[in-house]
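1. 3D model of this:
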Amino acid sequence: MSVNYLDVGLKEQEYLAIMDILGREPNMQELRILGVMWSEHCSYKSTRPLLSMFPNSGGAVVQGPGENAGIVDIGGGWGAAFKVESHNHPSAVSPYQGAATGVGGIIRDILAMGARPVASLDGLCLGDESLQQSRSLADGIVKGIAGYGNAVGVPTVGGKTLYDGCYNGNPLVNAMCLGVVRLDSIVSSKTARPGHLAILVGSRTGRDGIAGAAFASSGLADDTRASRPQVQIGDPFVEKLLIECCLEIHSKGLMVAMQDMGAAGITSSSSEIAAKSGTGIVINSELVPLRENDMEPWEIALSESQERMLLVAEQENLPEISKIAAKWELECAAIGKVTDDGQFVISDKGKIVVSLPAGMVGGSCPVISWTSREPSGRKATSQKGTTFSLSPHMIEKHLVTLLSNPSLSDKSGIFHQYDYMVQTGTVVPPGSAASIIRVRENGKLLGLAMEVDPWKCEIDPFTGSAEVFLKALRSLWVAGAEHLGMTNCLNFPSPEDPGNFWVISRCVEGLAAVARDLVCPVVSGNVSLYNESGDAKILPSPLVGVTGTFRDIAKPLSESFSCENETVFLAGFSKGTLNGSHFARAMAVEQNHREFPYLPEKEKIFMHSAIETVRKGLATSGRTVAGGGLLVSLAKMCVTSGIGISIDEELPLDDLAVFLFGETGPRAIYTVTENLEKDFASIWSGIPLIKLGQTGGKTFTIKGLLEIPVNEIARAWRR
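-> Now for the predicted structure:
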């Protein structure tokens, strides 16, 4: 069957560039290969210049972007490898398998660094839960994450879930994984040399997922059933065997490089190894173990069948590698060889069917310079404020409304489906702002936090995305951790719309500013564009994942009140804003494009005080003020501890809604025993500190404004 460049998703200028590089027309097999490898999903052709703004070195960084995952030093000769990936389109088409294979794929990215995967997180942006279609998609996605993660034996320790109608037809599934690796045994994809063998270990290759990367690089069709052949099928039990097999091969020094077969399968893994190593590679398609008959070479090369890894090794080590693979009941086949000519070659029964420069396939797609233009109407409202008159008798009603909002309510119905205690390293499980694990290899505690806030990014992309990053960091700081690095997934609609591309650019600038100002390097990440279906498109949804260590801290700070008769403090610089808040959306408050405050110097001061508070043991509990504002954060502390609170402080009645329900800015709630109040205040010297009241009883009370039993709050939150 003949194809042209349009059939494989290439643009005319890209096809002309291909002919210019080759000095000839590509054949049909080459065209299919380049159509996938030059897709948005594989090439990042729309965002490469933007991503260069991210600082990615310094501090604890051992490995920045450019490998399968980033790595930070966590002490004692050990590193944490971590990354987040999207599986949005596949999850919209086939929610269970789409989400499941997203988990499997990110685990293999971590494995490819030579690391043992020890923790997973999931970032889910789901549609309006009042709609049956959205509920069905959400149910399948959560079951897919649980079904794969539980069986493969990697605990799902946390994440972020929110709901909005913009995700009705295009839910977002962002999977993050962290693994542990000795710093002296990191595996690289840049170390192949001529004469080395390319060895496939894992499952047999079938037709599932062919051209899945290209499918993920365009908008979703109204009828998603037609896209189901492009969704991969996963087997977590095989993945568990693959993890143990590859780690055993690595531990015996039998490999020199390793690459996950993710998007574009054998093509991406082999061409990227060759391009990064400065070599060529020949793949013999007839040597690939197949589970389907009559597969063409290009189908074999582009299949995204799951649970496969490409190892590069000396020829003399093949027998031992094969023996180990057989022990783990996995396929093992030498399917090619590294060459010295810089070419990516596929042969079929002795006939060369693809011959392209390896660098052309694995990394040199031309960048697209999209037009960027600020959407009309934004500047006209940039100076407006957001106000709301809040009568005291309405406070209880608003609090209950927010607590029962699906984006703010209890998520235990989701995470109780996950096995978050497997491997026995989970210290603080899902449900808290920061998930915490203990690294068995060096005894250290690691904190992980994930955030996404499309509503603030829609109002102001720069400061909204900065706030997303900062929210994740504050969760680590208040728990007592020092941040080490960040990974991100940039989820946006089509970059071809000038307004969309302006928003993408500003969001990246906001994330880069925080990474630079707070010295939190970006070590890995993913870009997912074209998240739209029909006339609907998602809100700008950059997701951030951060990790940090608890230096000199024996125990992280709990988010729940520890006991009665302790003083409750509010510490921080900002009273927040209703702009972009859950309260504003729930109450239909007029919003605008006014920027949120971005105060990096004050964030640093807050960071220092928060970490020192935990290090010196000056508080018994602490929680950042985030979604829903102060009142919702206090209410959650009451519910999770079963202890009430009495607030006697005179509150600012003229700006009460902002004080109680405003979001953004470095603020946290702490409980402190009476004998430590003076030392606590000293740590927070120079930072606004309000003594709110006392813990105790079974009621949440604000003098003259609110009196509601904790069990009623719990009913609203647990819905």
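2. Distance-wise, check the residue nearest the centre of the chain relative to L543.
-> Closest to where the C-alpha atoms of the chain average out (C-alpha atoms, centre = their mean) is V84, at 3.8 Å. Distance, V84 to L543, by C-beta to C-beta, to the nearest Å: 7 Å. Yep, even glycine has a C-beta here, placed from its N, CA and C like the rest.
3. returning to that earlier point: state whether the residue nearest to the centre of the chain is indeed within a helix.
-> No. Assigned with DSSP: H, G, I helix; E, B strand; the rest coil, V84 falls outside any helix and is strand.
4. on that earlier part again, what touches both of V84 and L543?
-> The contact sets of V84 and L543 overlap at 123, 174, 450, 488-489 (C-beta atoms under 8 Å, 6 or more residues apart in numbering).
5. List the ones among those that fall in strands.
-> Within those, residues falling in strands by DSSP state E are 123, 174, 450, 488-489.
6. so can I have a markdown table of those showing neighbour count?
-> Listed next are those as a markdown table, based on neighbours: other C-beta atoms under 10 Å:
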| residue | neighbour count |
| --- | --- |
| G123 | 25 |
| N174 | 30 |
| M450 | 27 |
| N488 | 31 |
| C489 | 27 |
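7. CSV for the residues you listed, including distance to S251 and pLDDT?
-> Formatted as CSV, those follow (distance: C-beta to C-beta, whole Å; pLDDT from 0 to 100):
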residue, distance to S251, pLDDT
G123, 32, 98
N174, 31, 98
M450, 31, 98
N488, 31, 98
C489, 31, 98
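8. Okay, and L692 sits in which element?
-> strand 689-695 (DSSP states H and E).
9. Point out the other helices and strands that that strand packs with.
-> Strand 689-695 sits against strand 567-572, strand 645-647, with contacts defined as 3 or more C-beta pairs under 8 Å, 6 or more residues apart in numbering; DSSP states H and E.
10. Save those as a markdown table, and put in distance to G628, mean neighbour count and mean pLDDT too.
-> Shown next, in a markdown table, are the helices and strands packed on strand 689-695 (distance: least, C-beta to C-beta, whole Å; neighbours: other C-beta atoms under 10 Å; pLDDT from 0 to 100):
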| stretch | distance to G628 | mean neighbour count | mean pLDDT |
| --- | --- | --- | --- |
| strand 567-572 | 15 | 22 | 97 |
| strand 645-647 | 16 | 22 | 96 |
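11. Make a markdown table out of the ones you listed and add distance to V152.
-> Shown next, in a markdown table, are the helices and strands packed on strand 689-695 (distance: least, C-beta to C-beta, whole Å):
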| stretch | distance to V152 |
| --- | --- |
| strand 567-572 | 40 |
| strand 645-647 | 42 |
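12. Relative to V625, which of the ones you listed is closest?
-> V625 lies closest, by C-beta to C-beta, to one member of these: strand 567-572, at 7.0 Å.
13. Let me know the angle separating that closest one from strand 689-695.
-> Per axes from the mean of the first three to the mean of the last three C-alpha atoms, to 10 degrees, the angle that strand 567-572 makes with strand 689-695 is 150 degrees.
14. Strand 567-572 packs against which elements?
-> helix 600-615, strand 667-672, strand 689-695.
15. what does the last one rub up against?
-> Under the contact criterion C-beta under 8 Å, 6+ apart, strand 689-695 has outside partners 561, 563-571, 643-649, 669, 671, 681.
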